[in-house]
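> next input, structure requested:
(one chain, ligands or ions: 1)
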Amino acid sequence: MTHLIAGNWKMNGSPASAKTLTSGLAAKVSAGVKAEIVLCPPAPLLAEVAATMGSGALTLGAQDCHANEKGAHTGDISAVLLKEIGCKFVIVGHSERRADHGETDAVVKAKAAAALMAGLTPIVCVGETEQQRERGETGAVITRQVQSSLPENATAANTVVAYEPVWAIGTGKTATTADIAAVHFQIREVFSALPGGAGAGALRILYGGSVKGSNAQAILATAGVNGALVGGASLDLDDFWRIIEACP
Ligand code: 13P
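Predicted coordinates for the structure are as follows:
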């Protein structure tokens with residue numbers, strides 16, 4: 001399975017920095033690359049990135065979508081529109097959206113369903129908080145989130161799951177490779193019991209949380225890890241490239 005490296009720029013970047021970063025990456029990937037690379041800039045920069053990335057190995061993703069196709073939802077973005085402007089992926093259920101916007105598993109599931117309906121691949125995020133981890137609830141939280149955040153028609157071919165322990169995001173702390181392997185194994189097990197779970201062996205499960213050039217090799221070589229969802233390090237061309245090059 002080809003590793004998937006997704007750069008989640010979050011609320012960072014400008015038209016100028018998007019152009020510089022994307023053209024820098026486009027130049028690097030033109031020599032050939034082992035991974036599939038997705039850039040997820042803030043929505044106002046999607047067109048800039050699309051125009052700069054060329055038709056090579058870079059693909060476009062958004063950071064969120066609405067559950068409805070269109071309508072009176074000021075400030076929200078339709079998955080159908082994202083598809084029309086060239087997105088292939090959309091992140092849904094990121095812990096920052098779950099926390100900042102009160103998104104429940106049911107909301108995340110509806111957004112993932114909208115993404116699938118539009119022909120986008122949802123990158124559905126799950127992960128426990130530090131408090132849940134300390135209480136020994138990681139397994140239960142992950143099971144609930146996978147069971148409740150994925151639509152019935154999610155399959156290994158049309159959906160990506162990202163395991164992002166909340167306490168590892170932007171903190172410089174990463175889960176141990178043993179913990180990552182255990183949670184990814186669990187995600188695959190839970191997924192395999194869902195309605196679309198046949199062929200769960202082919203489900204791409206990304207790890208996210210303080211992935212950078214210096215730790216990418218160990219994480220990306222971990223059993224059950226099929227790529228990474230990268231925040232801060234995806235804003236730095238050289239560090240992001242080191243992560244891409246670390247793919248086995
Ligand atoms: P960092 O890589 O900055 O920890 O962010 C991870 C993340 O939330 C990606 O979606």
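> pick out the residue of the chain closest to the ligand.
Here the chain gets closest to the ligand at one residue, residue 231, 2.2 Å apart by Cβ to the nearest ligand atom. Backbone N, C-alpha and C define where each C-beta goes, glycine included.
> show the pLDDT at the residue in the chain sticking out farthest from the centre.
Most distant from the centre of the chain: residue 72, at 27.3 Å, with distances by Cα atoms, centre = their mean. The model reports residue 72 with a pLDDT of 98.
> and the chain, which of its residues are near the ligand?
Within the chain, the residues that sit near the ligand (Cβ under 6 Å from any ligand atom) are 8, 94, 164, 169-170, 208-211, 229-233.
> ok, residue 170 to residue 62 distance?
Distance, residue 170 to residue 62, by Cβ to Cβ, to the nearest Å: 20 Å.
> what segments of the protein are helices?
Per DSSP state H, the chain carries helices over the ranges 15-29, 46-53, 79-84, 95-100, 105-118, 130-134, 138-149, 177-192, 213-220, 237-245.
> packing partners of the longest one?
Right, helix 177-192. helix 138-149, strand 160-163, strand 204-208, helix 213-220 (3 or more Cβ pairs under 8 Å, 6 or more residues apart in numbering; DSSP states H and E).
> and residue 170 and residue 62? Which one has more around it.
residue 62 (26 against 13; other Cβ atoms under 10 Å).
> I figured the more buried one hits residue 90, correct?
Yes: under the criterion of Cβ atoms under 8 Å, residue 62 makes contact with residue 90 at 4.5 Å.
> for the two, list the residues in contact with both.
Listed as contacting both residue 62 and residue 90 by Cβ atoms under 8 Å, 6 or more residues apart in numbering are residue 82.
> chain neighbours aside, what residue packs nearest to residue 242?
residue 213 (3.0 Å; Cβ to Cβ, 6 or more residues apart in numbering).
> meant to ask about residue 106, not that
Residue 106's closest residue in space is residue 148 (Cβ to Cβ, 6+ apart), at 6.9 Å.
> same check on residue 240?
residue 234 (4.9 Å).
> tally of neighbours for the one you found?
Every residue meeting other Cβ under 10 Å relative to residue 234 is counted, giving 29.
> how about residue 21?
23.
> list the contacts of it.
13, 235, 237.
> if you set the cut-off to 6 Å instead, what comes out?
With contact taken as Cβ atoms under 6 Å, 6 or more residues apart in numbering, residue 21 is in contact with residue 237.
> residue 140 versus that one, what's the distance?
Counting by Cβ to Cβ - residue 21 and residue 140 are separated by 39 Å.
> just residue 73 next, same as before
For residue 73 relative to residue 140 (Cβ to Cβ), the value is 33 Å.
> residue 193 now?
From residue 193 to residue 140 the distance is 15 Å (Cβ to Cβ).
> residue 159 too?
22 Å.
> more neighbours, these two?
residue 159 (22 against 12).
> pLDDT score for the closest residue to the more buried one other than its chain neighbours?
Take residue 159 and drop its neighbours on the chain: the residue closest to it by Cβ to Cβ, 6+ apart is residue 122, 5.7 Å away. With respect to pLDDT, residue 122 has a value of 99.
> again with residue 1
For residue 1, pLDDT reads 89.
> how many other residues sit next to it?
11.
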